[in-house]
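In: next one to model:
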Amino acid sequence: MSTTSDEIDLGYLINKFNKAIKSAVIMLFKAISFIIRNWIVVLILLIAGLVWGYFSQQNYKPSKKATLLVRTNFGSGSYAYNAINFLKEKSKSKDSLFLITNKFRPDTLEINDLEITPIVNLVDLTDSFRENDRNLDIVLRNVEFDGEEPISSSFTTQYKYHNLELTLSSVATSSTVEHIITYLNNNQFIQEVWNTQTKNLEYKILQNERTIAQIDTIITNFNNNQSTPSSSSQLLVVDNNLGLHSLLNTKVALQDENNLNREELIRAKKPIVLVNNPVLTKNKAGVFGNKMVKYPFVLIGLFLLLAWFKHIYFYLQRIAKEEE
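Out: Purely as a prediction, here's the structure:
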């Protein structure tokens, strides 16, 4: 009994499927027949759409895009992300006072969208923690990984390098890019962080140089078998059992640290540094981005849609009369 019921259900489904296919083929045939019967109207709409699209295309100016590689210095990443989101909001709201202040055009929209993403570098992440810092283990254990961007989403502002994707309007120029970087560098919080950290790094280099000079003096006095008087608060006292090897290692470490610090200062001449030389490129429109293709389809589609509505109306009207 169960087998017979299953065979009936399967046969019913196959029958319904065949009817649906048959109905679809019939509807397609009727649509083609309708177009053939009204070929003159379709041809006129096609020509009208081509002409309309041709003249519209002459005045069409595509949007532009560019990819900026930027370096955020001294942990200013979080401020840079906030500043970019703020710029995006102000551009979309067309805040003329804000735009004029930051040298953007107030009469038309230059920036359509901004999207910044970090370039994941584990070295940047680990450098933010001291050697043997247990906090790094704790942080990594408590990070919720999403599978696609397991680290970038959790430590976005810790990375130094970021890709800034610009989607700009047709009126944007290379000056627009320059104004975006200038806007970021003029941000109050970014400026304060950069000024403070730059001074701290310069002071650290100076202190290391003083310590290196003291080490040199101690070694010279030791070689001359002299005492090492000094009024400095950082006096290093040495006797005949001085570990010269330890002093030399300290000197080399300080020199290496200063070399790295000087390189950092060179790379951080500004809070936000534009690393690459971005080129504005025009967004390529797809097939339907071409108005000479799009407009004929739109006009013919509207004509067919109106014809379908007309068919449905008379069909329902006929049913209503039959019911009476």
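In: who touches the nearest residue to Lys291 once chain neighbours are set aside in this structure?
Out: Nearest non-adjacent residue to Lys291, counting by CB to CB, 6 or more residues apart in numbering: Gly53, 3.8 Å away. From N, CA and C alone the C-beta is placed, and that goes for glycine too. Going by CB atoms under 8 Å, 6 or more residues apart in numbering, Gly53 touches 290-296.
In: mind telling me what element Gly53 is part of?
Out: helix 39-58 (DSSP states H and E).
In: what residues sit buried inside that helix?
Out: 42, 45-46, 49-50, 52-53 (16 or more other CB atoms under 10 Å).
In: can you map out the helices along this structure?
Out: Using DSSP state H, the helices of the chain run over residues 2-37, 39-58, 77-92, 96-101, 122-127, 134-141, 174-185, 188-223, 244-267, 291-323.
In: ok, of the ones you listed, where does mean pLDDT dip lowest?
Out: Mean pLDDT values for those show the minimum at helix 134-141, a mean of 52.
In: and the pLDDT for Leu166?
Out: Leu166 is assigned 93 on the pLDDT scale.
In: the one 3 residues further on too?
Out: Here the pLDDT value assigned to Ser169 is 89.
In: ok, now His162?
Out: Looking at His162, the pLDDT reads 92.
In: can you check the one 10 residues further on too?
Out: pLDDT, the model's per-residue confidence, is 89 for Ala172.
In: could you report the distance from it to Arg105?
Out: 9 Å (CB to CB, to the nearest Å).
In: which one of these two is surrounded by more residues?
Out: Ala172 (25 against 18; other CB atoms under 10 Å).
In: from Asn186, how far off is the more buried one?
Out: For Ala172 relative to Asn186 (CB to CB), the value is 20 Å.
In: same check, this time on Ser169
Out: Separation of Ser169 from Asn186 (CB to CB): 23 Å.
In: between those two, which has more neighbouring residues?
Out: Between Ser169 and Asn186, Ser169 has the larger neighbour count (other CB under 10 Å), namely 17 against 14.
In: hang on, isn't the more buried one packed against Leu109?
Out: Yes - with contact defined as CB atoms under 8 Å, Ser169 counts as touching Leu109 (5.3 Å).
In: quick check: neighbours shared by those two?
Out: By CB under 8 Å, 6+ apart, no residue touches both Ser169 and Leu109.
In: what count of nearby residues applies to Leu280?
Out: 14.
In: now do the contacts for it.
Out: 64-66, 168, 172-174, 177.
In: I am finished for the moment; much appreciated.
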